[in-house]
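1. make a model of this:
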Amino acid sequence: MAQLSRRLSISNKISYGYALTLGIVVVGTTAGFTIGDSFERTAREQEEHAHQEIRLLHRLQTGIIQARTHQQQFIPLMDEPEKLQEEYSHFLHHAAEITKVFLEVKSFEEQAPLKDDPNSEDIEQFLQTYEDVPEIYFQQINQLLKQIDPLNLKPGEIDAAQKILLKFTNSSVALKFDGFSDDLTELIQSSYQEDAQAQTALIAAETIRVQIIAASIFLSVVFAALCAVFTSRAIAHPILAATDVAERVTKEANFDLQAPVTTKDEVGVLATSLNQLIQQVKHLLEEQKAATQTQLLQSEKMSSLGRMLAGVAHEINNPVNFIYGNIIHASEYIDELIALLETYQNEVSNPSPNLQQQADEIDIKFLKEDLPKLLQSMKFGAERTRSIVLSLKDFSRLDQTKATFVDLHACIDSTLLILNHRLNKEIAVQKNYGDIPPIEGYTSLLYQVFMNLLSNAIDALEEVKGLQEIVISTELIDKDWVKVKISDNGSGIAPENQGKIFDTFFTTKPRSVGTGLGLSISYQIVVEKHGGKLNCVSQLGKGTEFAIALPVKHEPNKALT
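-> Now for the predicted structure:
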């Protein structure tokens, strides 16, 4: 036992000690409840059996007494036919009750036999002895009454009828019927004794249960105290040495220091873990420094890209404007040329063969129909290019030093236009715009917020099949606040991640896809830069909704009340 104790680690000693302690409590308590419940269940069954038996026997005895009493009333009521008829009705009622209850007693003993029932044999013998007695007794009474015919008795026949009934009262059948009641009294007394035994057994079962549980708790307390003394001695001294090393590392702030590992038990594991923790902290500090530098480089890169994008958008916008403006004039010129061509066709009724051949080759009719459509398509393309360029210019605009009025609807529409290449035909965008005023804010920053939220919604929809929908709604909360809600029916966010989505560098996307900065930056823009609120409600497998509350008048760091 001592060798086994030395081989066990401190954690195992604690675990096994408390497991044994808990096992004693669990086994003792379980045994107490199991044994107690077993005794109690048996006692309850005995008690219920006795109660049911007593009820049935009492009903049977009451019926016998009542029937016997009414039968004895026949003699003095021979000269009162109406009262005799009433007594006879009561007698028949109790006779039927006796027959019914006798069958119930017999059925009860056959269907619900109780193991070790002390009354079982007596009741069985009783049922066999008196099985035919009630029926014979009632038959003879009925035969006598039919023979006497009390309703048609003459005054001189009453005495004779009374003597016949009196003689029957003292007959062997009547006496055996009386013995029926006497034996029932003994059976009822035995059933009461059975009930008393059941009550005693219930008390004994509860006592046994309490004793077993109390003994198990006492043993567990004693064993827990012994385990506590042993484990405290095994842990306290080595821990002090490891604590001293940890304090030195903390005070000197030198993460190159290492705690000496001199044992292979928990103290050795603790020292090793401490060394690993020191190295991990050092590694995390280096990673954080590198991440900060990367973020600075990324910010500078995005700033440069924004400036370049603004310049490129401006350079693209000029030729697009030329194309868009000239398309209108070109359309007018072509309409004039087509009109001139139609005039020539009307004036020259017989063109030369060469002219007719050339007209057939170019299909003038198709040319007149298709050329306006071609120009209209070019005009639509130029307009769309202009809209995209303007959206890119707004999105890449350098942060203003002062808040300006922002049309949130235009901001959202421009963002959707930029993201149009990602909105495939399976994604439906539903816009439920309310009547909201322009708000004071920073246009490019709000573009960035909507870009991040809508991009995330599209990413979530790419993971699901079937109906893909993004719903954007705006509403006026009151005269000072507006709300924008962006929801999707995508894959949703796992509950364990919902509290971390606004943390810097937290992402569920692959490292090459997500940076973990989008929602964090969006939260800073909405809450810190605009004094609003950004909340998320998501259900895994059903979708996500982001709600943005913004003040109409710009007041940074103001919370929505």
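
2. for the most centrally placed residue in the chain, which residues are in contact?
-> With distances taken as CA atoms, centre = their mean, residue 539 lies nearest the centre of the chain, 11.9 Å away. Counting by CB atoms under 8 Å, 6 or more residues apart in numbering, residue 539 touches residue 492. The way it works is simple: take the backbone N, C-alpha and C, and place the C-beta from them, glycine included.

3. against residue 493, how distant is it?
-> 9 Å (CB to CB, to the nearest Å).

4. thinking again about what came up before, what pLDDT does the residue nearest to the centre of the chain get?
-> We have a pLDDT of 90 for residue 539.

5. same check on residue 41?
-> At residue 41, the predicted lDDT confidence score is 75.

6. that one looks like it's in a strand, true?
-> No - secondary structure of residue 41 (DSSP: H, G, I helix; E, B strand; the rest coil): helix, not part of a strand.

7. please renumber the chain so that the first residue is 57 from this point on.
-> Will do, 57 is the new start, and the previous item becomes residue 97.

8. now the lengthiest strand in the chain: average pLDDT?
-> Criterion DSSP state E: the longest strand present in the chain is strand 524-534. The average pLDDT within strand 524-534 is 93.

9. same question, stretch 493-503
-> Mean per-residue pLDDT for stretch 493-503: 89.

10. the nearest residue to residue 463 once chain neighbours are set aside: what's it in contact with?
-> Closest residue to residue 463 apart from its sequence neighbours, by CB to CB, 6 or more residues apart in numbering: residue 494 at 5.2 Å. The neighbourhood of residue 494, defined by CB under 8 Å, 6+ apart, consists of 461-464.

11. residue 577 too?
-> Residue 577 makes contact with 504, 508, according to CB under 8 Å, 6+ apart.

12. against residue 528, how distant is it?
-> In this view, residue 577 and residue 528 are 20 Å apart by CB to CB.

13. one more: residue 202?
-> 99 Å.

14. check residue 459 too.
-> As for residue 459, its distance to residue 528 is 23 Å (criterion: CB to CB).

15. what's the answer for residue 97, then?
-> 66 Å.

16. now do residue 103
-> 72 Å.

17. and these two? Which one has more around it.
-> Using other CB atoms under 10 Å, the more surrounded residue of residue 103 and residue 528 is residue 528, with 22 against 19.

18. my guess is the more buried one contacts residue 541, does it?
-> Yes - assessed by CB atoms under 8 Å, residue 528 is found in contact with residue 541 at 7.3 Å.

19. any chance of the contacts of residue 494 in CSV with pLDDT as columns?
-> Converted to CSV, the contacts of residue 494 look like this (pLDDT from 0 to 100):
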residue, pLDDT
461, 90
462, 90
463, 91
464, 93
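
20. pick out whichever of those sits closest to residue 411.
-> residue 463 (57.5 Å; CB to CB).

21. for the stretch 457-606 of the chain, which spans come out with low pLDDT?
-> Applying pLDDT under 70 to the stretch 457-606 of the chain picks out residues 457, 565-572.

22. now the helix or strand harbouring residue 472: buried residues?
-> Under the criterion of DSSP states H and E, residue 472 resides in helix 464-474. Judged by neighbour count using 16 or more other CB atoms under 10 Å, the buried positions of helix 464-474 are 464-465, 467-474.

23. let's have those in TSV, adding distance to residue 559.
-> TSV is the format used below for the buried residues of helix 464-474 (distance: CB to CB, whole Å):
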residue	distance to residue 559
464	27
465	31
467	26
468	26
469	31
470	29
471	24
472	28
473	31
474	27
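
24. identify, from those residues, the entry nearest to residue 403.
-> Closest approach to residue 403 among the buried residues of helix 464-474 (CB to CB): residue 473, at 49.1 Å.

25. against residue 481, how distant is that closest one?
-> Separation of residue 473 from residue 481 (CB to CB): 17 Å.

26. same deal with residue 516?
-> From residue 516 across to residue 481, the span is 18 Å (CB to CB).

27. now the stretch 107-256 of the chain, which segments are flagged as low pLDDT?
-> 168-176, 209, 212.

28. now swap in the stretch 307-456 of the chain and tell me
-> Along the stretch 307-456 of the chain, the model assigns pLDDT under 70 to residues 309, 311, 318-321, 323, 347-374, 378, 380, 439-440, 442-456.

29. quick one, helices of this protein?
-> Shown for the chain, the helices assigned by DSSP state H span residues 58-63, 66-128, 137-167, 176-185, 189-204, 214-225, 228-308, 322-403, 409-418, 420-451, 464-474, 499-517, 551-554, 574-579.

30. and the shortest one, what's buried?
-> Of the residues in helix 551-554, those buried under the neighbour-count criterion (16+ other CB under 10 Å) are residue 554.

31. neighbours around the closest residue to residue 155 other than its chain neighbours, how many?
-> Counting by CB to CB, 6+ apart, the nearest residue to residue 155 once its immediate chain neighbours are dropped is residue 190, at 6.2 Å. Neighbouring residues of residue 190 were enumerated by other CB under 10 Å; the total is 20.

32. and the residue nearest to residue 496 when sequence neighbours are not counted, how close does it get to residue 338?
-> The spatial neighbour of residue 496 that comes closest, neighbours along the chain excluded (CB to CB, 6+ apart), is residue 610 at 3.5 Å. The gap separating residue 610 from residue 338 is 44 Å, by CB to CB.

33. which one's more surrounded, the two?
-> residue 610 (20 against 13).

34. phi first, then psi, for the more buried one.
-> Dihedral pair for residue 610: phi -70, psi 120, per degrees, to the nearest 10.

35. ok, it - contacts?
-> Counted by CB under 8 Å, 6+ apart, residue 610 has contacts 459, 495-497, 586-587.

36. neighbour-wise, which of these leads?
-> When neighbours are taken as other CB under 10 Å, the top entry among these is residue 586 (28 neighbours).

37. and it, what is it in contact with?
-> Residue 586 sits next to 497-498, 501-502, 606-607, 610, 612 when contact means CB under 8 Å, 6+ apart.

38. rerun at 10 Å
-> 459, 462, 495-498, 501-502, 505, 580, 604-607, 610-614 (CB atoms under 10 Å, 6 or more residues apart in numbering).

39. distance of the residue nearest to residue 155 from residue 398?
-> Per CB to CB, residue 190 is found 125 Å from residue 398.

40. would you format the contacts of residue 610 as TSV with distance to residue 155 included?
-> Compiled in TSV, the contacts of residue 610 are given as follows (distance: CB to CB, whole Å):
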residue	distance to residue 155
459	100
495	93
496	98
497	96
586	93
587	92
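
41. from those residues, pick the one nearest residue 131.
-> Closest approach between the contacts of residue 610 and residue 131, by CB to CB: residue 587, at 108.0 Å.

42. next step: the contacts of residue 586 restricted to strands.
-> Among the contacts of residue 586, the ones falling in strands (DSSP E) are 462, 495-497, 604-607.

43. and these as CSV, adding distance to residue 327?
-> Output for those, formatted as CSV (distance: CB to CB, whole Å):
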residue, distance to residue 327
462, 59
495, 59
496, 59
497, 55
604, 51
605, 52
606, 54
607, 55
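
44. how does this protein divide into domains?
-> Listed domain ranges for the chain are 89-282, 455-617 (source: automatic domain parsing).
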